[in-house]
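S.K.: Provided below are the primary sequence and the corresponding predicted coordinates.
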Amino acid sequence: MDSFPLVSVIIIIFIALVFDFINGFHDSANSIATIVSTRVLSPKYAVLWAAFFNFAAIFFIGVQVAKTIGTGIVNPAIVDNALIFSALSGAIIWNLITWWLGLPSSSSHALIGGLIGAGLVKGGMKVLVWKGIIKTASFIILSPFIGLMLGLFLMILTLNASRFATVASADRMFRKFQLLSAATFSLGHGMNDAQKTMGIIAVVLFTNGYLGPAFYIPFWVEFTCYLFIALGTMTGGWRIVKTMGTKITKLQPIGGFCAEPAAAISIIGASVAGIPVSTTHTITGAIMGVGSTKRLSAVRWGVAGNIIWAWILTIPISGILSAGIYFSLTAVFV
């Protein structure tokens, strides 16, 4: 693939933006499932609301997560265009499979699995940046747990604060509040997820000599990645919306209002720390936490179990896919 460097760079940037679009498409359910399932907004207006705040995230945070993806998973010294192409392809294939099955898996972990798989084929264990991988992998467990505990805490707090309100007045109030909570979650989603594609594009530019001696994220890369994830969100991943919004637990506006900020707090905190987390994992945990305040049986743990299996399999399967693609490419072109 590297015989024509400029052409291959353009192709990979295009594929990275396709991944970014699919990320928004796949993860739109995270941003809109609660607000749609509680009927605060129709699906059409919900995706527009979410997409706007996905893009607005460009004004609120730096590029810490992009730097982790660009330099903190695989040693950038061994990165080439074929490796990035393979990582993106493996992640895209897994995203489309899980979208088709209606499973809210992690686009972030699919990309990380893709990088690891192709990196292992090219350079073995020594090319992996274990500090970044361990930090990211730890949040596979921590992000849904933090979301669950915050969702549980906020739901209990909100129920106590509104205990004297009538059901009708509480419903009206939390429908309005949910517009704000959904916007906050979409902001966090854009902050973390758009940066993953930024890191990929920047490392491609850097390893091909287009950024000079120091790794950084050009503004045009930031702008384009936020734009494409917002466009992807606008298309909506309706299969996953149904799973997130109705199959895990039945949400009321008060529950949606509590689940979204619970997830947003976790995601924004991780973004500031430069940790690429799964918005899918986090909002799913928050929804489970909110649902469990009614009773444990209010959460459909069988559905939750299927989702958890998708989480567990994401990194290894996307890694195997990207490893196979990288091996095939190098066998053909080298």
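M.R.: Structure's in. What do you need? Residues are numbered from 1 along each chain as shown.
S.K.: Low-confidence regions, the protein specifically.
M.R.: 1-4, 29-31, 33-34, 103-104, 236-251, 294-311, 333-334 (pLDDT under 70).
S.K.: All the helices of it, residue numbers only.
M.R.: 5-37, 43-56, 64-71, 81-101, 107-123, 130-161, 167-207, 219-235, 238-242, 253-272, 279-291, 301-333 (DSSP state H).
S.K.: How much space separates the residue lying farthest from the centre of the chain from Val36?
M.R.: Most distant from the centre of the chain: Phe164, at 37.8 Å, with distances by C-alpha atoms, centre = their mean. As judged by C-beta to C-beta, to the nearest Å, Phe164 and Val36 stand 29 Å apart. Quick note: C-beta positions are derived from backbone N, CA and C, even for glycine.
S.K.: returning to that earlier point: looking at the helices of the chain, which is buried most?
M.R.: helix 279-291 (a mean of 30; mean count of other C-beta atoms under 10 Å).
S.K.: helices or strands next to that one in the packing?
M.R.: helix 5-37, helix 130-161, helix 167-207, helix 253-272, helix 301-333 (3 or more C-beta pairs under 8 Å, 6 or more residues apart in numbering; DSSP states H and E).
S.K.: Just to check, Met288 is in contact with Leu150?
M.R.: No. Look at Met288 against Leu150 with C-beta atoms under 8 Å: they stay out of range, at 11.4 Å.
S.K.: Am I right that Ile217 is in contact with Lys67?
M.R.: Yes. Under the criterion of C-beta under 8 Å, Ile217 makes contact with Lys67 at 7.4 Å.
S.K.: Now the common contact residues for those two.
M.R.: Counting by C-beta atoms under 8 Å, 6 or more residues apart in numbering, the shared contacts of Ile217 and Lys67 are Gly199.
S.K.: Could you find the closest non-adjacent residue to Met162?
M.R.: Residue 162: Ser, not Met. Ala170 (5.2 Å; C-beta to C-beta, 6 or more residues apart in numbering).
S.K.: And Ala259, by the same measure?
M.R.: Ala286 (4.2 Å).
S.K.: dump the residue contacts of the one you found.
M.R.: Counted by C-beta under 8 Å, 6+ apart, Ala286 has contacts Gly147, Leu148, Leu150, Gly151, Cys258, Ala259, Glu260, Ala262, Ala263, Ser266.
S.K.: Tell me the one of those nearest Thr207?
M.R.: Nearest to Thr207 among the contacts of Ala286 is Ser266, at 32.2 Å by C-beta to C-beta.
S.K.: Please give me every residue in contact with that closest one.
M.R.: With C-beta under 8 Å, 6+ apart, Ser266 has these contacts: Ser143, Ile146, Gly147, Leu150, Val277, Thr282, Ala286.
S.K.: who touches the residue nearest to it when sequence neighbours are not counted in this structure?
M.R.: Nearest residue to Ser266, sequence neighbours excluded (C-beta to C-beta, 6+ apart): Ile146, at 4.5 Å. Counting by C-beta under 8 Å, 6+ apart, Ile146 touches Ser266, Thr282, Gly285.
S.K.: and what of Ser186?
M.R.: Contacts of Ser186 by C-beta under 8 Å, 6+ apart are Ser31, Trp49, Ala50, Ala51, Phe52, Phe53, Asn54, Thr233.
S.K.: Quick one: the helices and strands packed on helix 279-291 as TSV, columns for distance to Pro43 too.
M.R.: Below are the helices and strands packed on helix 279-291 laid out as TSV (distance: least, C-beta to C-beta, whole Å):
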stretch	distance to Pro43
helix 5-37	5
helix 130-161	23
helix 167-207	13
helix 253-272	14
helix 301-333	21
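S.K.: So for Thr293, which of these sits nearest?
M.R.: Judged by C-beta to C-beta, the one of these that comes nearest to Thr293 is helix 130-161, at 4.5 Å.
S.K.: Helix 107-123 and the closest one, what's the angle between them?
M.R.: If you take axes from the mean of the first three to the mean of the last three C-alpha atoms, to 10 degrees, helix 130-161 sits at 170 degrees to helix 107-123.
S.K.: Verify the contact between Pro276 and Lys196 for me.
M.R.: Yes. In this structure Pro276 lies within contact range of Lys196 using C-beta under 8 Å: 5.7 Å.
S.K.: Residues that sit against both of those two, list them.
M.R.: The overlap between the contact sets of Pro276 and Lys196 (C-beta under 8 Å, 6+ apart) consists of Val65, Ile69, Ser108.
S.K.: Would you agree the first one is in contact with Gly274?
M.R.: Looking back up the chat, that one is Val65. Yes. Val65 is within contact range of Gly274, at 5.6 Å (criterion: C-beta under 8 Å).
S.K.: any idea how far stretch 15-24 is from the chain center?
M.R.: Chain-centre distance of stretch 15-24: 11 Å, with C-alpha atoms, centre = their mean, to the nearest Å.
S.K.: ah, wrong one, I meant stretch 266-276
M.R.: Distance, centroid of stretch 266-276 to centroid of chain: 12 Å (C-alpha atoms, centre = their mean).
S.K.: Also stretch 265-276?
M.R.: 12 Å.
S.K.: how close does Ile325 sit to Phe19?
M.R.: Going from Ile325 to Phe19 by C-beta to C-beta gives 14 Å.
S.K.: whoops, Ala263 was the one
M.R.: Counting by C-beta to C-beta - Ala263 and Phe19 are separated by 22 Å.
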